[in-house]
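*Asks:* Let me see the structure of the following:
(one chain, ligands or ions: 2)
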Amino acid sequence: MSFFNFSNLLGATPSPPTTAYPPLKVVSPLATVTGQTLEAAFEYRRNTITTTANGITVEPKRHQYRFKTNLKPKKTGLLLVGLGGNNGSTVVGATLANKEALTWQTRTGPQTANYLGSVTQSTTVHLGWDGKQQVYVPFNGILPMVSPNDLVIDGWDINNANLYEAMVRARVFQPDLIQQLKPAMEQIVPKPSIYYPDFIASNQGARANNVIPGESKQEHLERIRSDIREFKQKHDLECVIVLWTANTERYTDIQAGLNGTAEEILASIAASKDEISPSNIFAVASILEGAHYINGSPQNTLVPGIVELATQHGVFVGGDDFKSGQTKLKSALVDFLVTSGLKPESIVSYNHLGNNDGKNLSEARQFRSKEISKSSVVDDMVASNKILYPEGSHGPDHCIVIKYVPFVGDSKRAMDEYISSIFMGGHQTLAIHNTCEDSLLAAPLIFDLAILTELFTRITYATEENGFTGFHSVLSLLSLLLKAPVVPEGTPVGNAFMRQFGALAKLLTACAGIASDNELQLEFFTKLNA
Ligand SMILES: NC(=O)c1ccc[n+]([C@@H]2O[C@H](COP(=O)([O-])OP(=O)(O)OC[C@H]3O[C@@H](n4cnc5c(N)ncnc54)[C@H](O)[C@@H]3O)[C@@H](O)[C@H]2O)c1
Ligand SMILES: O=P([O-])([O-])O[C@@H]1[C@@H](O)[C@H](O)[C@@H](O)[C@H](O)[C@@H]1O
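*Replies:* Ligands and ions are numbered 1, 2, ... in the order given. So this is what the prediction gives:
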């Protein structure tokens with residue numbers, strides 16, 4: 001039997017300090033702490049399933065896992081590609097505002113900095129019933145995580161505006177906050193970046209005044225690698241995450257000989273092949289420098305060759321496309337409808353926005369990248385119910401429309417209509433107007449992507465057959481935060497929001513030696529001693 005109390009362990013403290021909850025003390029026969037390492041046994045019970053034309057055979061089996069977690073969060077750097085964008089400048093401004101606990105005036109009164117919308121900072125995990133009440137703990141109170149306040153942040157942009165100018169341009173923060181942040185933000189200027197006009201909208205050309213010169217993609221690769229090395233050395237970092245929050249690129253062709261293997265992608269960069277995108281180069285540079293790479297945009301940066309390279313180098317890659325607003329709601333609402341036995345027949349998702357993202361998406365090839373990532377989110381939920389959607393039937397009509405309307409700026413207006421078949425030939429129509437403050441919804445996800453990626457670098461697992469090793473390089477555990485999750489080859493994509501959250505929460509509690517949450521809660525209707 002062993003017990004440990006995380007809140008004072010190794011300097012790991014939730015941030016901002018959550019005074020709402022007392023520290024968690026785990027008394028568990030499943031776990032032991034030795035120095036900085038927490039080792040936990042976990043019995044993974046799952047069904048071995050065989051499906052044939054004659055039916056489904058289910059055989060429940062028990063698999064013994066052991067998880068090892070290094071309890072000391074690493075000093076972590078976050079390099080944003082697109083630092084001067086609406087999301088990038090909002091991320092940096094928000095960390096400064098939270099660090100200084102800034103308060104600013106708004107029309108509805110004073111507002112203080114927070115991390116609302118961040119799963120790691122503002123959600124809780126259900127542990128069970130204490131005989132009197134349901135008990136929840138902060139998500140970041142189960143295992144020590146990096147605080148967003150402690151992230152060292154820098155990055156690149158093809159535009160040379162300092163971050164004060166970028167904040168004003170973004171029209172995201174209130175003027176009072178912008179002025180308070182000005183002294184610090186105007187000191188931050190994005191590093192020059194790689195610009196290949198063919199990959200983003202032609203209307204972005206006027207912005208490109210901060211570009212690494214030359215035509216050699218190999219030299220561009222070496223420059224980005226040098227930037228990453230310098231950043232890591234300058235700040236004495238133990239973990240670096242490069243995250244793309246630059247403009248949406250067009251899709252790249254997946255071609256044999258171009259990007260199908262690690263060797264091919266390296267050779268294609270060396271040969272400066274046209275089809276190699278800026279985001280391909282950032283991903284390869286990150287991997288070669290031992291940094292993890294996350295794609296917050298919808299383009300297919302993570303081609304097979306880049307995934308193979310990441311696997312060879314033992315670094316994480318993740319993507320695609322932050323799941324921040326209209327699609328995030330859809331990933332919960334469609335799950336609700338299908339789980340209710342109602343059949344979505346038509347889903348029309350229209351939105352207009354007026355920020356630079358919207359301007360870039362106003363061109364067909366960039367919109368197509370976004371249309372793909374927004375359209376695939378219902379696939380797993382539709383496939384889950386053959387009563388509603390028999391084999392061979394098509395899923396709901398699903399239409400995506402995005403328009404660029406400058407006046408609304410970053411305050412995207414999403415309008416959705418869901419029509420579902422209901423009992424006895426009836427129809428239910430849900431009409432939703434959803435004002436998505438795009439960067440205020442996306443920035444918290446950028447923190448979460450970085451914080452969870454760093455956490456997963458500190459966890460290894462062993463099974464009855466194999467010794468301790470790290471998770472697969474394709475970090476599908478990040479799917480809660482992404483519209484079109486990139487997953488290890490041959491594994492399914494899951495988009496249902498609450499299932500994604502539950503998977504993360506169950507992994508954290510398993511690693512902490514805590515019994516996984518069990519919605520069954522037998523103790524409420526049996527004689528089980530609570
Ligand atoms: N809610 C959201 O804001 C949301 C949700 C999902 C996905 N996204 C995606 O996140 C990305 C950023 O969104 P945003 O609102 O911050 O857009 P933005 O246009 O304000 O910022 C993008 C920044 O990237 C820069 N840039 C373009 N190409 C670059 C390159 N090769 N290297 C470095 N910088 C480059 C631009 O100059 C710009 O400053 C977009 O791809 C968008 O589709 C945003
Ligand atoms: O995340 P979400 O609100 O479903 O989708 C959004 C798009 O519809 C929109 O064009 C833009 O705001 C963001 O890039 C985001 O991707």
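
*Asks:* CA atoms for contacts and neighbours, from now on please.
*Replies:* Fine.

*Asks:* next one: phi and psi at Pro144?
*Replies:* Per-residue torsions, Pro144: phi -60, psi 130 (degrees, to the nearest 10).

*Asks:* do the same with Arg107
*Replies:* For Arg107, the backbone dihedrals (degrees, to the nearest 10) come out as phi -60, psi -30.

*Asks:* Check what pLDDT it gets.
*Replies:* At Arg107, the model reports a pLDDT of 94.

*Asks:* just checking, Lys191 touches Asn162?
*Replies:* No. With contact defined as CA atoms under 8 Å, Lys191 does not count as touching Asn162 (10.3 Å).

*Asks:* who's more crowded, these two?
*Replies:* Remark: of Lys191 and Asn162, Lys191 carries more neighbours, 21 against 17, as counted by other CA atoms under 10 Å.

*Asks:* residue ranges with poor pLDDT in this protein?
*Replies:* For the chain, the stretches flagged by pLDDT under 70 are 1-19, 529-530.

*Asks:* Close to ligand 1: what parts of it are there?
*Replies:* Neighbours of ligand 1 within the chain, by CA under 6 Å from any ligand atom: 81-82, 84-88, 156-159, 193-195, 207, 245-248, 278, 296-297, 321-324, 356-357, 438-439, 441-442.

*Asks:* Which strand residues bridge Lys412?
*Replies:* For Lys412, the beta-bridge partners are Cys436 (DSSP bridges).

*Asks:* follow-up on the earlier one: contacting ligand 2 as well, which ones from the residues of the chain next to ligand 1?
*Replies:* Within the residues of the chain next to ligand 1, those near ligand 2 by CA under 6 Å from any ligand atom are Lys323, Ser324, Asp438.

*Asks:* ok, and the most crowded of those residues?
*Replies:* The most crowded member of these, judged by other CA under 10 Å, is Lys323 (28 neighbours).

*Asks:* Lys483 is in contact with that one, correct?
*Replies:* Yes. Lys323 is within contact range of Lys483, at 4.6 Å (criterion: CA under 8 Å).

*Asks:* just the helices in this structure please.
*Replies:* In the chain, the helices defined using DSSP state H lie at 86-99, 119-122, 163-170, 175-185, 217-234, 262-270, 278-288, 304-313, 326-339, 356-361, 364-375, 379-383, 438-457, 497-511.

*Asks:* Quick check: bridge partners of Val26?
*Replies:* When assigned by DSSP bridges, Val26 has beta-bridge partners Phe4.

*Asks:* Isn't it up against Ile514?
*Replies:* Yes. Here Val26 reaches Ile514: they are 7.3 Å apart, a contact under CA under 8 Å.

*Asks:* For the two, indicate the residue with more neighbours.
*Replies:* Between Val26 and Ile514, Ile514 has the larger neighbour count (other CA under 10 Å), namely 22 against 16.

*Asks:* returning to what we had before: could you dump the helices of the chain into CSV and include distance to Val401?
*Replies:* Listed next are those as CSV, based on distance: least, CA to CA, whole Å:
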stretch, distance to Val401
helix 86-99, 21
helix 119-122, 28
helix 163-170, 23
helix 175-185, 32
helix 217-234, 35
helix 262-270, 34
helix 278-288, 25
helix 304-313, 30
helix 326-339, 12
helix 356-361, 11
helix 364-375, 8
helix 379-383, 18
helix 438-457, 16
helix 497-511, 22
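
*Asks:* The ones you listed: which one's closest to Thr52?
*Replies:* helix 379-383 (17.3 Å; CA to CA).

*Asks:* Pull out the buried residues from that closest one.
*Replies:* Asp379, Asp380, Met381, Val382 (16 or more other CA atoms under 10 Å).

*Asks:* same deal with stretch 468-485?
*Replies:* Using 16+ other CA under 10 Å as the test for burial, stretch 468-485 gives 470-485.

*Asks:* Quick one: end-to-end length of it, please.
*Replies:* 26 Å (CA to CA, to the nearest Å).

*Asks:* ok, is it in contact with ligand 2 or not?
*Replies:* No. Judged by CA under 6 Å from any ligand atom, stretch 468-485 and ligand 2 are separated, with a smallest distance of 7.1 Å.

*Asks:* mind listing what the closest residue to Gly257 other than its chain neighbours touches?
*Replies:* Closest residue to Gly257 apart from its sequence neighbours, by CA to CA, 6 or more residues apart in numbering: Glu264 at 5.7 Å. Applying CA atoms under 8 Å, 6 or more residues apart in numbering to Glu264 gives the contacts Gly257, Leu258, Gly305.

*Asks:* Just confirm the last one contacts Ile269, I think it does.
*Replies:* Translated: Gly305. No. With contact defined as CA under 8 Å, Gly305 does not reach Ile269; the gap is 11.7 Å.

*Asks:* From Thr469, how far out is the closest residue to Glu215 other than its chain neighbours?
*Replies:* Leaving aside its sequence neighbours, Glu215 sits nearest to Ser272 (CA to CA, 6+ apart; 7.7 Å). According to CA to CA, Ser272 stands 36 Å off from Thr469.

*Asks:* Please apply the same query to Ser479.
*Replies:* According to CA to CA, Ser479 and Thr469 sit 21 Å apart.

*Asks:* Met145 too?
*Replies:* Taking CA to CA as the measure, Met145 falls 20 Å from Thr469.

*Asks:* Contact partners for Leu445?
*Replies:* By CA under 8 Å, 6+ apart, the contact list for Leu445 reads Gly117, Ser118, Val119, Phe322, Ser324, Leu481.

*Asks:* Next: Trp156.
*Replies:* Applying CA under 8 Å, 6+ apart to Trp156 gives the contacts Leu79, Leu80, Val81, Gly82, Leu83, Gly84, Pro190, Lys191, Pro192, Ser193.

*Asks:* in stretch 232-241, what's buried?
*Replies:* With burial defined by 16+ other CA under 10 Å, the residues of stretch 232-241 counted as buried are Lys232, Cys239, Val240, Ile241.

*Asks:* typo on my end, stretch 116-135
*Replies:* Buried positions in stretch 116-135, judged by neighbour count with 16+ other CA under 10 Å: Gly117, Ser118, Val119, Thr120, Gln121, Ser122, Thr124, Val125, His126, Leu127, Gly128.

*Asks:* Pick the one among the contacts of Trp156 closest to ligand 2.
*Replies:* Gly82 (13.4 Å; CA to the nearest ligand atom).

*Asks:* neighbours of that closest one, just the number please.
*Replies:* 23.

*Asks:* Report the separation between the residue lying closest to it once chain neighbours are set aside and ligand 2.
*Replies:* Leaving aside its sequence neighbours, Gly82 sits nearest to Ala246 (CA to CA, 6+ apart; 3.9 Å). Note on Ala246: its distance to ligand 2, by CA to the nearest ligand atom, to the nearest Å, is 11 Å.

*Asks:* Same question for Asn140.
*Replies:* 24 Å.

*Asks:* Could you pull up the residues touching the nearest residue to that residue once chain neighbours are set aside?
*Replies:* The spatial neighbour of Asn140 that comes closest, neighbours along the chain excluded (CA to CA, 6+ apart), is Thr120 at 5.4 Å. By CA under 8 Å, 6+ apart, the contact list for Thr120 reads Phe139, Asn140, Asp448, Ile451, Leu452.

*Asks:* any chance of these in a markdown table, plus neighbour count and distance to Ile432?
*Replies:* Formatted as a markdown table, the contacts of Thr120 follow (neighbours: other CA atoms under 10 Å; distance: CA to CA, whole Å):
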| residue | neighbour count | distance to Ile432 |
| --- | --- | --- |
| Phe139 | 22 | 30 |
| Asn140 | 24 | 32 |
| Asp448 | 21 | 27 |
| Ile451 | 23 | 32 |
| Leu452 | 19 | 31 |
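
*Asks:* any idea how far Glu215 is from Thr252?
*Replies:* Using CA to CA, Glu215 is found at 19 Å from Thr252.

*Asks:* Neighbour count: the two, which is higher?
*Replies:* Neighbours per residue, other CA under 10 Å: of Glu215 and Thr252, the larger number sits with Thr252, 19 against 10.
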